[in-house]
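Student: Attaching a predicted model along with its sequence, questions to come.
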Amino acid sequence: MEMISLSPLELNSSNNIRRTIPRPPHLRPPDYEDKYDFFTVFYDCFESADAGWQIFVGPPLLNLEPIVLPELIAAFHCGGSVDAFLSHLICCTQLRLKTKETRAPLQPGIFRQDHINIQPNESHLFRGRKVLLTKSKDNDLRWIRDWVDFFARKHEADAVLFYDNASTKYGTTEIHETISSVLGIVVAVVVSWPYKFGPVGSEVYGGPQGLPWDSDYCQYGILEHARHRFLSHAEAVVNADIDELVLTKEKESVFALVNRSDAGYLCYPGFWIEGVTESARRERRHFDFVHRFAAPPEYSELKWTVAPRRCPPQAQWRVHEIGGMQPDPLSSAVSFRHFRALSTSWKYPRGEINRPNEQDYVRDEELASWMEGPGLPKQDHFASPLTAGQEAGDDAFVVGSNAMQKPAQSEPVDSTWRQMGRLIGRLFGNR
């Protein structure tokens, strides 16, 4: 396992310098300040893939810019502003310094560190690879393995770049061993990312309405860090969470699809897969869940796949899109499924499990067909279904009160893709 080191730059907590808060007081929940990152200036500092620049990736500098920028320019002996380029991105800052220095002392008082080391660029690890990119905290290791195995078998992924955001259930070694155990995975890199995720918004999943997504800096920093330190030379990259599986209309690899696209960028919506199952096992796995709400279908926010070499320099890898790029029309051939039951419920409660019924749920036949195949888990591994409210033994969970009266209805695959096509058309103007 290759050890990945970061070189963070943080404010000295004993002085009075803090990052300002972008959100007005009336829009801050009670725990906002506990979750907000006041002190991280940069998550990491590393060489660019072409070795021409030193790159610093961090949260928005906001009020810290006039304090931090002169200090770093002086520390690295840059020849003035011509050798320093600062990019203000969505929820992220990127600083590039034109310097050959790889270590610089820092003036005492402002920063927690007294010096900063530039880390090497690691893009060679993923050169020509089909990469899964994700962040995770405390997700079940079985979920992680099943997720990697799906993409390896169904999409021919051969590499994983995994950011662990301060898990407490296991260490990076266990994550690496889990990923590396999947047949077909040649490169597995786990980055320990101990920074605060940041306060989240609320308009998507209920609660007080209108809270903006303006302080969740961590995931934007991960995406820019991944792009520039690790993935500049990758063949293609899928951005997906552990509870998301990507499907294509003709069961073509999403990597193959993005490579033959004109834009080199696919952006696509998905369906929520609900926490209803006929399985009686206590543990939850992706292949246990194949139902979604019957009507109307509940869509999940967009995710994307990209060929990094085709990204313009000014583009930004964001959570649900790539800023500065136009999705290719082939996006209409891609969707993903978002599994509600496979969650630590860190954002909102997602743990209730029920039985499917034809009034409320429709079986996603396309997803079910993707779950089939050599080497994938089989239905006959499941325990016998339970009746509503019946309690199971050690190898089963207690299902909810939504009893199965008749087999849940199924929706034809073609109908699903017609819905997806209409949605893609509305999103991107493709017909």
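Tutor: Everything's here; your move.

Student: my guess is Leu342 meets Ile242, correct?
Tutor: Yes. Counting by Cβ atoms under 8 Å, Leu342 does reach Ile242; the two are 6.9 Å apart. To be clear about C-beta, it is placed using only N, CA and C from the backbone, and glycine gets the same treatment.

Student: quick check: domain ranges of this structure?
Tutor: Annotated domains of the chain cover 9-27+35-121, 124-428 [automatic domain parsing].

Student: Mean neighbour count, those: which tops it?
Tutor: domain 124-428 (a mean of 18; mean count of other Cβ atoms under 10 Å).

Student: How far does it sit from its chain's centre?
Tutor: Domain 124-428 sits 9 Å away from the centroid of its parent chain (Cα atoms, centre = their mean, to the nearest Å).

Student: intersection of neighbour lists for Leu342 and Ile242?
Tutor: Listed as contacting both Leu342 and Ile242 by Cβ atoms under 8 Å, 6 or more residues apart in numbering are Asn139, Trp143.

Student: mind checking which of the domains of the chain is nearest Glu2?
Tutor: domain 124-428 (6.7 Å; Cβ to Cβ).

Student: tell me the secondary structure for Phe38?
Tutor: coil (DSSP: H, G, I helix; E, B strand; the rest coil).

Student: Distance of it relative to Pro312?
Tutor: Distance, Phe38 to Pro312, by Cβ to Cβ, to the nearest Å: 33 Å.

Student: cool, Val334 as well?
Tutor: 22 Å.

Student: Then Val306?
Tutor: Taken as Cβ to Cβ, the span from Val306 to Pro312 is 11 Å.

Student: any low-confidence regions in this protein?
Tutor: Along the chain, the model assigns pLDDT under 70 to residues 1, 80-82, 203-209, 345-351, 373-431.

Student: Could you pull out the helices in it for me?
Tutor: Along the chain, counting by DSSP state H, helices occupy 32-35, 65-75, 141-155, 172-180, 217-225, 254-260, 365-370, 413-428.

Student: by contact count, what packs against the second one?
Tutor: Spelled out, it's helix 65-75. strand 84-89, strand 92-97, strand 103-105 (3 or more Cβ pairs under 8 Å, 6 or more residues apart in numbering; DSSP states H and E).

Student: Pull up the pairing partners for the second one, direction included.
Tutor: If you go by DSSP bridges, strand 92-97 pairs up with strand 54-58 (antiparallel), strand 84-89 (antiparallel).

Student: export those strands to CSV and tack on distance to Leu95?
Tutor: CSV is the format used below for the strands paired with strand 92-97 (distance: least, Cβ to Cβ, whole Å):
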stretch, distance to Leu95
strand 54-58, 4
strand 84-89, 5
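
Student: hmm, back to that, intersection of neighbour lists for Val306 and Pro312?
Tutor: The contact sets of Val306 and Pro312 overlap at Met325 (Cβ under 8 Å, 6+ apart).

Student: for the residue nearest to Trp317 when sequence neighbours are not counted, what are its contacts?
Tutor: Of all residues not flanking Trp317 in the chain, Leu223 sits nearest, at 4.0 Å (Cβ to Cβ, 6 or more residues apart in numbering). Applying Cβ under 8 Å, 6+ apart, we find Leu223 in contact with Leu133, Asn239, Gln316, Trp317, Arg318, Val319.

Student: Over to Tyr299?
Tutor: Pro269, Gly270, Phe271, Trp272, Leu423.

Student: which residues sit in contact with Gln54?
Tutor: Cys45, Phe46, Glu47, Ser48, Phe76, Arg96, Leu97, Thr99, Glu101, Thr102, Ile118.

Student: Give me the subset of those that lies in strands.
Tutor: In this view, the contacts of Gln54 that belong to strands under DSSP state E are Cys45, Phe46, Glu47, Arg96, Leu97.

Student: between those residues, which is closest to Gly171?
Tutor: Phe46 (23.0 Å).

Student: what separates that closest one from Arg318, distance-wise?
Tutor: 21 Å.

Student: How about Ser192?
Tutor: Distance from Ser192 to Arg318, by Cβ to Cβ: 23 Å.

Student: same question, Pro59
Tutor: For Pro59 relative to Arg318 (Cβ to Cβ), the value is 15 Å.

Student: Same question for His26.
Tutor: For His26, the distance to Arg318 (Cβ to Cβ) stands at 27 Å.

Student: repeat for Ser215
Tutor: 15 Å.

Student: One more: Asp364?
Tutor: The value you get for Asp364 to Arg318, if Cβ to Cβ is used, is 27 Å.

Student: same thing with Leu132?
Tutor: 18 Å.

Student: Find the pair from the contacts of Gln54 with maximum spatial separation.
Tutor: Once Cβ to Cβ is applied, those give Arg96 and Thr102 as the farthest pair, at 14.8 Å.

Student: Please, where are all the strands along the stretch 201-350 of the chain?
Tutor: 236-239, 244-248, 265-273, 291-293, 299-306, 316-317, 322-323, 334-339 (DSSP state E, counting those that start in this stretch).

Student: CSV for those strands, including distance to Phe126?
Tutor: Shown next, in CSV, are the strands of the stretch 201-350 of the chain (distance: least, Cβ to Cβ, whole Å):
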stretch, distance to Phe126
strand 236-239, 9
strand 244-248, 19
strand 265-273, 18
strand 291-293, 34
strand 299-306, 13
strand 316-317, 14
strand 322-323, 18
strand 334-339, 22
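
Student: Looking at the ones you listed, spot the one closest to Phe255.
Tutor: strand 236-239 (4.6 Å).
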